[in-house]
Each structure stands twice: as C-alpha cells, then as structure tokens.
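Undergrad: Show me the folded form of this:
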Amino acid sequence: MTPYDQLDITKLRILDGGMATELERHGCNISGPLWSAHVFADSPWTIEDVHLNYLEAGADCILTASYQVSAMGYAELGQPPEAAADALRQSVDLAVTARERYRKVSSRPVWIGVSLGPYGAVLHNGSEYHGNYDVSFADLVRFHAERLAVIETTEADFVALESVPSLEEAEAIVEALHQHPDVHGWASFTCKDEEHVSHGEQLARCAEFLDKQKQIIAVGVNCTQPRLILPLIGELKRATRKPLVVYPNSGEGWDAEHHCWTGASDAGDFGRLAREWAEAGAQIIGGCCRTRPGHIRAIRESLSEIPAAH
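TA: Next up, the predicted model:
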C-alpha cells in the first residue's frame, strides 16, 4: 500500500461509477451472494475492462470489485479464508493492470482504492441501509481487521470503507485501522435523509469523530439519493476539515417486491448536480449503484471549468 506520507490526493477529483451494473451489461452473472466477486473466477478480464472504461470516461480513481469480499462471505460458500484473501489481492491486481493499460495512452495520475463494504454487505439482506446487526462490537472490529491485514500487502493506494450505516461501525473501523497503522482510507456513509446516516445518528456527529482519526484521509457519503447530497455536504463541512467525498447512486430505486429497478437516471443531470456538489465543497465526486461511464464522463465535463475544492 502507498505509504501515508507519500499519498497525495489533492488532485483526486473524480471517482468511477457502479461496477455491478457494468458487469451485468457485459453478460456476467452476479446473482450469487458474492455479487461482483463471482466474476473473479469466471471472467476477471471483464472487471479489468470495466476499470479501463471508467478511466477512459475521465475517472481519476478506480475502486476495486471487492465490496462483497470477506472470509465470512466465502465461508458461506464452503470456501476457506485464504480464498477471500486471494480474491482481495486479485481485485487489486486487476485494477493495477487496468491502470497500466491506461498509462499507455495517458500520463494522468490514477489512484486505486480498495472497496470494502460494511458488515451488512456480507449478510446480503440490505442491512447496510439500516445497520441493525445482531453482532458484537468486537465482531465488527474483527470483520474489518481481517480484510485490512490483506490489503496492507497490496499495491493499492488506500481503502474505501463504503456504505457505513452507523457511528458504531465507523468506530469499529477505526479500531480495526489502529491494528494496521500502515493502512489508510476514507469512510463514507449511507444516509436516509438530509442529516442522518442510515442507522439514525447525525452525519455531522460521525464526521466529527472521524475528523480526529489520522488514518482517515477523507469523509463522505455514498449510495445515497442524489437529491440528498447537497445538504449532506453542508453537514460534513461543519464537522470535519478532511476532504469530502460523495458518490451517490443514480437516483433509481430498487423494488424489492418485484425485483427490479424503478425510475430513470440522466447522465447530464448527474453532471450538473456534480458541479453543485463541487461548488459546495466536495473534493472527490463519483457515482455508486446504477451509474455508468456516461455519468462519469458528464462529471468530468461539468467539473472541467471549475477549480478543485479543498
């Protein structure tokens, strides 16, 4: 992992978009409990191609296809912890290869962040959107620490601890980071309204806690409705001096009863919103579920005429 004192993210402005949507569009089956991670065995080159597509669309940072990877998740399929560790390392290797391919046509800096989902992701029941886990704090720390132990030996630049639903899980993440002092990254929360994370705590309170943590390089919001992002940026700004990262979902909704997505998303509108988010103080902007290279290209075009936020 890139040493903390050598990591400079001041020029990092644009993230990639959704991975799962693109893999499905390439014909991959991600219906199992490991989601995108199933593709490591079946079609790893497709993951690499999706990374490259996002770089070509203008992303400064690609997040690995490892959101759902954990020893606990692989154990559900009867596989040993080593299988999960191998998948984490493979996810980074695929991103590194995509970056090397892109460097043949562009000298633009590219960062690699390791996507790590919350405890609720491994339950694959949507609990990352409420955070009501029947698990101890020690178990949460152990869950995150075992993955961080693998990541610190890779070529990644940082970790992206994503879709955190609660202050308690943020506290567990920090405790796990303390066990691996060479690992650093951002923490981003899912939010249910303009002020509160999914579990109910105030986002500002969560950001205030993370503001004091050296290993946290940025604080933000992801996989949240785009209409909520602007006021949530305001909540973050009053609580932390760290860089702000926002990457909402496309704005479409999931109909659990009929197992389908509802609504629509316009990449141009997403780009215009991204400009508002940057002007409000967000430094790093991208997309989460159901966003595509077109959304990222719109963000790049929208932000090209304004200076980076700090």
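Undergrad: can you confirm residue 187 is in a strand?
TA: Yes: residue assignment for residue 187, taken from DSSP: H, G, I helix; E, B strand; the rest coil, places it within a strand.
Undergrad: ok, it - contacts?
TA: Under the criterion of Cβ atoms under 8 Å, 6 or more residues apart in numbering, the contact partners of residue 187 comprise 161, 164, 170, 173, 210, 216, 219, 220. Glycine gets a C-beta too; all of them are placed from N, C-alpha and C.
Undergrad: could you redo the last one with a cut-off of 7 Å?
TA: Residues counted as contacts of residue 187 (Cβ atoms under 7 Å, 6 or more residues apart in numbering) are 161, 164, 170, 173, 210, 216, 219.
Undergrad: distance of the fourth one from residue 184?
TA: What it means is residue 173. Taking Cβ to Cβ, to the nearest Å as the measure, residue 173 falls 12 Å from residue 184.
Undergrad: about what we covered before: got a winner among the contacts of residue 187 for most neighbours?
TA: Tallying neighbours with other Cβ atoms under 10 Å puts residue 164 at the head of the contacts of residue 187, with 30 neighbours.
Undergrad: wait, it sits on residue 118?
TA: Yes: counting by Cβ atoms under 7 Å, residue 164 touches residue 118, with 5.4 Å between them.
Undergrad: middle-most residue in this protein, spatially?
TA: Most central residue of the chain, judged by C-alpha distance to the mean C-alpha position with Cα atoms, centre = their mean, is residue 162 at 4.6 Å.
Undergrad: what angle do the helix or strand containing that one and strand 185-189 make?
TA: In this structure, residue 162 sits in strand 158-164 according to DSSP states H and E. With axes from the mean of the first three to the mean of the last three Cα atoms, to 10 degrees defining the directions, strand 158-164 sits at 10 degrees from strand 185-189.
Undergrad: Please enumerate the strands of the stretch 1-150 of the chain.
TA: 61-63, 111-116 (DSSP state E, counting those that start in this stretch).
Undergrad: helices or strands next to the shortest one in the packing?
TA: The reference is to strand 61-63. Strand 61-63 sits against helix 44-57, strand 111-116, with contacts defined as 3 or more Cβ pairs under 7 Å, 6 or more residues apart in numbering; DSSP states H and E.
Undergrad: Quick one: closest of these to residue 81.
TA: For those, distance to residue 81 was read as Cβ to Cβ. The smallest value, 15.6 Å, belongs to strand 111-116.
Undergrad: C-alpha coordinates for the closest one, CSV please?
TA: In CSV, the C-alpha atoms belonging to strand 111-116 read as follows (Å, rounded to 0.1, in the frame of the first residue of the first chain):
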residue,chain,number,x,y,z
TRP,A,111,-5.4,6.2,-7.8
ILE,A,112,-6.6,2.7,-6.8
GLY,A,113,-8.9,2.4,-3.8
VAL,A,114,-9.9,-1.0,-2.4
SER,A,115,-13.6,-1.1,-2.0
LEU,A,116,-14.6,-2.7,1.4
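Undergrad: got the contact list for it?
TA: Outside of strand 111-116, the residues that reach it under the criterion Cβ under 7 Å, 6+ apart are 9, 12, 60-64, 66-67, 92, 95-96, 99, 147, 151, 156-162, 185.
Undergrad: which residues of the chain score low on pLDDT?
TA: For the chain, the stretches flagged by pLDDT under 70 are 253-265, 307-310.
Undergrad: how does it look with 90?
TA: Applying pLDDT under 90 to the chain flags residues 20-21, 28-42, 77, 122-130, 134, 251-268, 304-310.
Undergrad: Tell me what angle the host helix or strand of residue 302 forms with helix 44-57.
TA: In this assignment (DSSP H and E), residue 302 forms part of helix 293-303. Computed by the same axes, to 10 degrees, the angle separating helix 293-303 from helix 44-57 equals 20 degrees.
Undergrad: Can you mark which positions in helix 293-303 are buried?
TA: Buried residues in helix 293-303, counted by 16 or more other Cβ atoms under 10 Å: 293, 294, 295, 296, 297, 298, 299, 300, 302, 303.
Undergrad: Just read off the phi/psi values of the residue nearest to the last one when sequence neighbours are not counted.
TA: The spatially closest residue to residue 303, leaving aside those adjacent along the chain, is residue 278, at 5.6 Å (Cβ to Cβ, 6 or more residues apart in numbering). With angles defined as degrees, to the nearest 10, residue 278 shows backbone torsions of phi -70, psi -40.
Undergrad: Tell me the spacing between residue 130 and residue 22.
TA: To residue 22, residue 130 is 27 Å away according to Cβ to Cβ.
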